[in-house]
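Engineer: what shape does this take:
(one chain, ligands or ions: 1)
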Amino acid sequence: MMNRSRRNFLKTSSGAASFCLFGKSAVAQALSHAGSEHPSGKLEPFPLTSIRLGPGIFKEQEEINARYLDSLAVDRLLHSFRMTAGLSSSATPYKGWEDPACELRGHFAGGHFLSAVALASAASGNATLKGRGDELVAGLAACQKKIGTGYLSAYPTELFEHLAQGKPVWAPFYTYHKIMAGLLDMYLLAGNTDALQIAEGMGQWAQEYFVGISIDQRMRMLRTEYGGMNEVLVNLAAVTKKERYLDAAHLFEQPGFLDPLAERRDELQGLHANTHVPKIIGAARMYEATGDRRYREIAEYFLAEVLAVRNYAIGNTSLDEHWKTPPGQLKGTLAWTNAECCVAYNLMKLERLVFGWTADARWMDAYERSLFNCRLGTQNSQGLKQYFFPLAAGYWRTYNSPEESFWCCTGTGVEEFAKFTDTVFFRRGSDVYVNQFIAATLDWKDEGLVIEQVTQFPREQATTLKIKSTRSMPRTIHIRIPAWATQDAAVTVNGLALEAMADPGSYLALRRTWQNGDTIVISLPMQLHQEPLLGDGSATAALYGPLVLAADLGAAPTDEAYRIIHSGDTVPKNLPAASPLPNSGADSGAKTDQWIQLESKQDLRFTTAGESGKYQLMPMYQIGDQRYSVYWQMQALKKQT
Ligand SMILES: [Zn+2]
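Structural biologist: Down below sits the predicted model:
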């Protein structure tokens, strides 16, 4: 990321003096919160029902995802649940990780699917998908009732016994978490009260399961991936106000993992990334539920550490699903199997929580980096999702099949693409925070305030906020000025340029008695910059504003087996070796605009400028069927003579 250049009051305007800001001087106030607790308390997201996407790339992707969800049949999703409960089912079960022989069955069918349709119901008012969710909840209720112990899953409790006995088993609590989370989402987002009752039954069963099991044995069992069991139990405690679920959440804590983080030690090498990020989300929620700052310190340290020393430029981490190297050393780690998509989903979930405590723009900068580079673009036109995000040169995107894969990343993918509205705006008291530049309308009914954000960002390097207000009252609208912003960033209110601008990487606070019809325009010109691979100065990614630019290396193989995986496998078979990184023709000390030039601002097209051959570049999210490379080979720095 660019260095933050400190500057103030860069623009003057003769018209600005007449602009009636609330307060003494007609200037905006720049706030920079450097990671400390904000004195005014926690920021909150708005309910998803109060924000709707406007026309643009996010809306298009949301609709594609909704069509995919709509293609799935409830009786087929319910099949393994019914079989496990001893009920009849004549439906054809889905395959891959939902196959009746797969130990993760139910994670998508009764978990991610429920969360996704609940999100779609709240975020876009999709009544069809809400109905599908209600139907599924009714089917699950019947299964739980038939079993009679509170337990509910698409596999028998025998898998938990395997876990207890140390026999090989995949991850029964991981799946159990997804189902509980899906039910809780159906209650919280879609108003299904039966879903809460089922989730409570499951929570009680999980707690009682550990009664009579020694701490040593529980700790052994917790070495197997258990998703966000601690998180969902905290969430259940928060909803029901029942202490017992908080007690149950504590049963899913691992001191061996959390203690080093509390002491600010990075002992992540060797750990499975997506097993561990959800545990930190659980710690973050535990801080919110109990106020115990140790949990907060764990979450903040972990997040800052991963982003600073373990992330790739696209905003995600991991190789072969693990952290395999010491901090800051990603040299030699570019492969097909980088950056499992679920990990970005979970890191972003954590960023939202930590941002809520701190109002620190760096978490929303990180969120934007991941959203535009490794979430947008990971769904194809049929709504199919990626698992890995290859970062070695010459590879391409590969997706799950519609009915034969059902990976974890299919699951987090259908959730992500149903909830693009959830981070655009936040609130604190009567203040509004504009975090992301996405076309969306906030309808804050209690305050009589509508803010319509109109933008084609990032094709348009600006965004417009149109205020509709039924009552006049002073309030502050905080707008993120990204760390990548340049000296030319500017804001106008009702056409008048402001004299002040916040530092890049902070929020610009505009306090005023907003009137119906007021319009704010934020210009955020982008520039080229670059970011070396951590620990390897010879490999560099190029960026334009928040966008990682990928080299277009020609058409990807057309062989279906390379493009869509018709099984639960996550990597295509017989992959060719990666290509060498494309040569930038520049040395590692060169400025980005010395080796890349902008061809079209509107289309976001670039070419290399050096003598090593012309490469075409485009934002990574626009890469579809091409081979690509995110990183470039840089020449060794020439010695000064
Ligand atoms: Zn995954």
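Engineer: now stretch 452-462, how far from the chain's geometric center?
Structural biologist: 20 Å (CA atoms, centre = their mean, to the nearest Å).
Engineer: pLDDT of that stretch, averaged?
Structural biologist: Regarding stretch 452-462, the rounded mean pLDDT is 98.
Engineer: for that stretch, measure first residue to last.
Structural biologist: This stretch, stretch 452-462, spans 14 Å end to end (CA to CA, to the nearest Å).
Engineer: list the buried residues of it.
Structural biologist: Neighbour counts over stretch 452-462 (16 or more other CB atoms under 10 Å) mark 452-458, 460-462 as buried. Where C-beta positions appear, they are placed from N, C-alpha and C, glycine not excepted.
Engineer: okay, those residues in CSV with distance to residue 60 next?
Structural biologist: Below are these laid out as CSV (distance: CB to CB, whole Å):
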residue, distance to residue 60
452, 19
453, 17
454, 16
455, 14
456, 12
457, 14
458, 15
460, 16
461, 20
462, 20
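Engineer: let's have those residues in TSV, adding secondary structure and distance to the ion.
Structural biologist: Formatted as TSV, the buried residues of stretch 452-462 follow (DSSP: H, G, I helix; E, B strand; the rest coil; distance: CB to the ion, whole Å):
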residue	secondary structure	distance to the ion
452	strand	35
453	strand	31
454	strand	34
455	coil	30
456	coil	31
457	coil	28
458	coil	26
460	coil	33
461	coil	33
462	strand	35
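Engineer: ok, so of those residues, who is nearest residue 179?
Structural biologist: Nearest to residue 179, judged by CB to CB, of the buried residues of stretch 452-462 is residue 453 at 35.2 Å.
Engineer: name the residues of the protein found near the ion, please.
Structural biologist: 340, 342, 408-409 (CB under 5 Å from the ion).
Engineer: out of these, which comes closest to residue 287?
Structural biologist: Nearest member of these to residue 287, counting by CB to CB, is residue 342, at 22.7 Å.
Engineer: and the closest one, which helix or strand is it part of?
Structural biologist: Element membership of residue 342, judged by DSSP states H and E, is helix 341-358.
Engineer: CA atoms only for that helix - export them in PDB, please.
Structural biologist: Included here for helix 341-358 are C-alpha records, laid out as PDB according to Å, rounded to 0.1, in the frame of the first residue of the first chain:
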ATOM      1  CA  CYS A 341     -11.500 -18.400  -0.800                       C
ATOM      2  CA  CYS A 342     -13.000 -19.200   2.600                       C
ATOM      3  CA  VAL A 343     -10.100 -17.600   4.300                       C
ATOM      4  CA  ALA A 344     -10.700 -14.200   2.700                       C
ATOM      5  CA  TYR A 345     -14.400 -14.500   3.600                       C
ATOM      6  CA  ASN A 346     -13.400 -15.100   7.300                       C
ATOM      7  CA  LEU A 347     -10.700 -12.400   7.400                       C
ATOM      8  CA  MET A 348     -13.200  -9.900   6.100                       C
ATOM      9  CA  LYS A 349     -15.700 -11.000   8.800                       C
ATOM     10  CA  LEU A 350     -13.100 -10.300  11.400                       C
ATOM     11  CA  GLU A 351     -12.200  -6.900   9.800                       C
ATOM     12  CA  ARG A 352     -15.800  -5.800  10.100                       C
ATOM     13  CA  LEU A 353     -15.800  -6.600  13.800                       C
ATOM     14  CA  VAL A 354     -12.500  -5.000  14.600                       C
ATOM     15  CA  PHE A 355     -13.400  -1.900  12.600                       C
ATOM     16  CA  GLY A 356     -16.600  -1.600  14.700                       C
ATOM     17  CA  TRP A 357     -14.400  -1.200  17.800                       C
ATOM     18  CA  THR A 358     -11.900   1.200  16.400                       C
END
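Engineer: mind listing what residue 153 touches?
Structural biologist: By CB atoms under 8 Å, 6 or more residues apart in numbering, the residues touching residue 153 are 81, 84, 106, 110, 172, 175-176, 179.
Engineer: before we move on, the earlier item: any chance of the residues of the chain next to the ion in a markdown table, with distance to residue 256, pLDDT and neighbour count too?
Structural biologist: Putting these into a markdown table (distance: CB to CB, whole Å; pLDDT from 0 to 100; neighbours: other CB atoms under 10 Å) gives the following:
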| residue | distance to residue 256 | pLDDT | neighbour count |
| --- | --- | --- | --- |
| 340 | 23 | 98 | 28 |
| 342 | 23 | 98 | 24 |
| 408 | 24 | 98 | 26 |
| 409 | 27 | 98 | 27 |
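Engineer: tell me which of the residues you listed is nearest to residue 75?
Structural biologist: Closest approach between those and residue 75, by CB to CB: residue 408, at 23.3 Å.
Engineer: chain neighbours aside, what residue packs nearest to that closest one?
Structural biologist: Residue nearest to residue 408 in three dimensions, not counting chain neighbours: residue 342, with 5.1 Å by CB to CB, 6 or more residues apart in numbering.
Engineer: from residue 319, how far out is residue 335?
Structural biologist: In this view, residue 335 and residue 319 are 6 Å apart by CB to CB, to the nearest Å.
Engineer: which residue is it, in the stretch 501-641 of the chain, that comes closest to the ion?
Structural biologist: Nearest residue of the stretch 501-641 of the chain to the ion (CB to the ion) works out as residue 570 at 8.1 Å.
Engineer: number of nearby residues for that residue?
Structural biologist: By the criterion of other CB atoms under 10 Å, residue 570 has 21 neighbours.
Engineer: assess the claim that it and residue 388 are in contact.
Structural biologist: Yes - using CB atoms under 8 Å as the test, residue 570 is close enough to residue 388 to be in contact (6.5 Å).
Engineer: what's near enough to touch residue 85?
Structural biologist: Contacts of residue 85 by CB under 8 Å, 6+ apart are 142-144, 146-147.
Engineer: can you say which of those are buried?
Structural biologist: Applying a neighbour-count criterion of 16+ other CB under 10 Å, the buried members of the contacts of residue 85 are 143-144, 147.
Engineer: Serialize those residues to TSV and add fields for pLDDT and secondary structure.
Structural biologist: Below are the buried ones among the contacts of residue 85 laid out as TSV (pLDDT from 0 to 100; DSSP: H, G, I helix; E, B strand; the rest coil):
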residue	pLDDT	secondary structure
143	98	helix
144	98	helix
147	98	helix
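Engineer: let me have these in TSV, extended by distance to residue 488.
Structural biologist: Shown next, in TSV, are the buried ones among the contacts of residue 85 (distance: CB to CB, whole Å):
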residue	distance to residue 488
143	59
144	59
147	63
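Engineer: between these, which is closest to residue 359?
Structural biologist: Nearest to residue 359, judged by CB to CB, of these is residue 144 at 41.3 Å.
Engineer: which residue packs closest to the closest one, ignoring adjacent ones?
Structural biologist: Nearest to residue 144 is residue 152, by CB to CB, 6+ apart, at 4.3 Å.
Engineer: you'd agree that neighbour is up against residue 182?
Structural biologist: No - the pair residue 152 / residue 182 is not scored as a contact, 10.8 Å apart, by CB under 8 Å.
Engineer: what is in contact with these two at once?
Structural biologist: Each of residue 110 lies in contact with both residue 152 and residue 182 under the rule CB under 8 Å, 6+ apart.
Engineer: quick one on the thing from earlier: what residues are up against the residue of the stretch 501-641 of the chain closest to the ion?
Structural biologist: The neighbours of residue 570, taking CB under 8 Å, 6+ apart as the test, are 387-388, 407, 409.
Engineer: a strand runs through it, doesn't it?
Structural biologist: No - according to DSSP: H, G, I helix; E, B strand; the rest coil, residue 570 belongs to no strand; its state is coil.
Engineer: any idea how far the residue nearest to residue 54 when sequence neighbours are not counted lies from residue 63?
Structural biologist: Here the nearest residue to residue 54 in space, its sequence neighbours aside, is residue 439; by CB to CB, 6+ apart that works out to 3.4 Å. Distance, residue 439 to residue 63, by CB to CB: 14 Å.
Engineer: the two: who's more crowded?
Structural biologist: A direct count of neighbours by other CB under 10 Å for residue 439 and residue 63 places residue 439 higher, at 23 against 15.
Engineer: so where do the helices sit in the stretch 501-641 of the chain?
Structural biologist: Secondary structure of the stretch 501-641 of the chain, counting by DSSP state H, counting those that start in this stretch: helices at 560-563.
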